[in-house]
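S.K.: Predicted coordinates and the sequence they were generated for:
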Amino acid sequence: MDTILNIRNLSKNYGRIKALDNLNLEVKRGNIYGILGPNGSGKTTTLGIILSILKADSGNFEWFGGQFGSNPRKKIGAILETPNFYPYKTGIDNLKIVAKIKGIKDFDFDEVMRLVNLEHRKLSKFRTYSLGMKQRLAIAATMIGNPEVVIFDEPTNGLDPKGIAEVRHILKRVSESGRSVIMASHILDEVEKICSHVAIIKNGKLLSTGMVGELLSDNYLIEIGAFNKEKLEQFLDDFEHLNKTRFMNDYWICTVDKNTPVESISNKAFNAGLILSHYIVRKQSLEEEFLTITKN
Ligand SMILES: Nc1ncnc2c1ncn2[C@@H]1O[C@H](COP(=O)(O)OP(=O)(O)O)[C@@H](O)[C@H]1O
Ligand SMILES: [Mg+2]
C-alpha cells in the first residue's frame, strides 16, 4: 500500500515547551488514522505542521512521496478550527462560498450535503443549525474539491451524545468513500470506533502505533489475587518493576516491565508462602495502555 504521509523526526518547541519530540508517523492510503493522546500531547501541533500552518524546528514530512510538492493543498481537506460560515446564508450557499475561495467550479453540493445528512436543511440559514449540524457542514466543506485525504482535529469536541454519534457515523462514511482520514482525538473510544490505525502520542513522542484492535503494548499485565489480601499487597509493593494499577473484585491488575520474567512472580509468591486464588498473565490492551498513559 502506498504511503500518503511520512513524518520523520519532527520536533517543535514553543519557547521552553517541547511540543513535539522526534515524532515519526506513517499514514498509508485508505487508513483512517487516529492520532490519540491526552490534551497537550502535540496533536494539533502535528496537524498544523503537516498542513504547513506551523513550521517545525527540525525533522520533515512528505505528502504522497513528494509527487506533488510539500504542500499539495488541493489533495487535502482539513478543518483545524470551526470555519467562519456566514450565519445569515444557507448551508449550501456557505459551501458555495468555500468552493469559490478554493477555486473549485464543478462540484456536486447536493451529494456532499447528503453525505453529511444535511440535505433536508440545506436551504436553512446557518444560524439555525445545531452545533452538530454546524460541525457536519464543516465536514462537508472539507470534502469540496474531492480531496484524497481529509484531516480532522477533535471532530466531536463540544457535541452532545447524539451529535457525537452522527459525526462518527459521517466520518465512517467519508472513509468508506475511499478517502484517507487523519484525525486527532483525546478520546480512546472515538478512535477505537472510527479508526483503522492509531498512533498513541504523549509529550510529543510516539508511544506506540499499529492497527486498532491489534495494538498491544510490549508490557505484560498480570491479574493476581490471593486469599490473604494484606500479604498480597505487601508482596506486590515489594516486587521491583511491577505496578499495581487497579483492584478488581478480588484481584489486582498490575503492569510488569517487559523485561521482567513473569514466571518468576508466581514462584516468588509460592516461596513467600502466599497462596494465590487467581493468576493470569496477558498482554496489555490498547485501553489499558491508554489508561496507564493518561493517568500521570
Ligand atoms: N502557540 C503556543 N504557544 C505556546 N505553547 C503552545 C502553543 N501551542 C501549543 N502549545 C503547547 O504545546 C504542547 C502541545 O500542544 P497541542 O499540540 O495543542 O496539543 P494537543 O492538540 O495534543 O492538545 C502543549 O504543552 C501546549 O500547551
Ligand atoms: Mg489539540
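M.R.: Sure, I can see it. Residues are numbered from 1 along each chain as shown. Ligands and ions are numbered 1, 2, ... in the order given.
S.K.: Could you count how many residues lie near S177?
M.R.: 11 (other Cβ atoms under 10 Å). Glycine gets a C-beta too; all of them are placed from N, C-alpha and C.
S.K.: So that it lines up with my notes, have the first residue be 165 from now on.
M.R.: Yes, from this point I'll number from 165; that puts the last item at S341.
S.K.: Was I right to think it contacts R278?
M.R.: No - with contact defined as Cβ atoms under 8 Å, S341 does not count as touching R278 (11.4 Å).
S.K.: what residues does the stretch 165-314 of the chain put near ligand 2?
M.R.: Contact residues, the stretch 165-314 of the chain versus ligand 2 (Cβ under 5 Å from the ion): K207, T208.
S.K.: Distance check, the residue in the stretch 165-314 of the chain positioned nearest to ligand 2 against K447.
M.R.: Sorted by distance to ligand 2 under Cβ to the ion, the residues of the stretch 165-314 of the chain start with T208, at 3.2 Å. As for T208, its distance to K447 is 31 Å (criterion: Cβ to Cβ, to the nearest Å).
S.K.: Who has more neighbours out of those two?
M.R.: When T208 and K447 are compared on other Cβ under 10 Å, the one with more neighbours turns out to be T208, at 19 against 13.
S.K.: While we're on the more buried one, how confident is the model there?
M.R.: pLDDT, T208: 95.
S.K.: With T373 instead?
M.R.: In the prediction, the pLDDT value recorded for T373 is 84.
S.K.: For it, name its beta-bridge partners.
M.R.: Listed by DSSP bridges, the beta-bridge partners for T373 are A363.
S.K.: I'd assumed H361 was in contact with it.
M.R.: Yes - between T373 and H361 there is a contact under Cβ under 8 Å: 7.3 Å.
S.K.: Between those two, tell me which one has more neighbours.
M.R.: Counted by other Cβ under 10 Å, T373 and H361 do not tie: H361 has more neighbours, with 22 against 18.
S.K.: Tell me how far that one lies from V355.
M.R.: Applying Cβ to Cβ to H361 and V355 gives a distance of 9 Å.
S.K.: Give the residues shared as contacts by these two.
M.R.: Common neighbours of H361 and V355 (criterion: Cβ atoms under 8 Å, 6 or more residues apart in numbering): G198, V376.
S.K.: residue ranges for the helices of the stretch 265-414 of the chain, please.
M.R.: Counting by DSSP state H, counting those that start in this stretch, the segments of the stretch 265-414 of the chain that form helices are 273-279, 295-306, 325-340, 352-358, 393-402.
S.K.: Can you name every helix or strand that the fourth one contacts?
M.R.: Helices and strands in packing contact with helix 352-358 are listed as strand 196-200, helix 325-340, strand 344-349, helix 450-459; criterion 3 or more Cβ pairs under 8 Å, 6 or more residues apart in numbering; DSSP states H and E.
S.K.: Present these as TSV; the columns should include mean neighbour count and mean pLDDT.
M.R.: Rendered in TSV, the data for the helices and strands packed on helix 352-358 read as follows (neighbours: other Cβ atoms under 10 Å; pLDDT from 0 to 100):
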stretch	mean neighbour count	mean pLDDT
strand 196-200	27	95
helix 325-340	17	89
strand 344-349	24	95
helix 450-459	18	69
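S.K.: out of these, nearest to A242?
M.R.: The closest approach between A242 and any of those, judged by Cβ to Cβ, belongs to strand 344-349 at 8.7 Å.
S.K.: Can the closest one be said to contact ligand 2?
M.R.: No - against ligand 2, strand 344-349 shows no contacts by Cβ under 5 Å from the ion, the least distance being 6.1 Å.
S.K.: Partner strands of that strand, with direction?
M.R.: Counting by DSSP bridges, the strands paired with strand 344-349 are strand 196-200 (parallel), strand 313-317 (parallel).
S.K.: how far out from the middle of the chain is that strand?
M.R.: Averaging C-alpha coordinates over strand 344-349 and over its chain gives two centres that are 7 Å apart (Cα atoms, centre = their mean, to the nearest Å).
S.K.: what do you get for stretch 240-256?
M.R.: In terms of Cα atoms, centre = their mean, the gap separating the centre of stretch 240-256 from the centre of its chain is 23 Å.
S.K.: can you check stretch 180-197 too?
M.R.: Here stretch 180-197 is found 10 Å from its chain centre; the criterion is Cα atoms, centre = their mean.
S.K.: Would you indicate which residues of stretch 211-228 are buried?
M.R.: By neighbour count, and taking 16 or more other Cβ atoms under 10 Å as the criterion, the buried residues in stretch 211-228 are L211, G212, I213, I214, L218, A220, G223, F225, E226, W227, F228.
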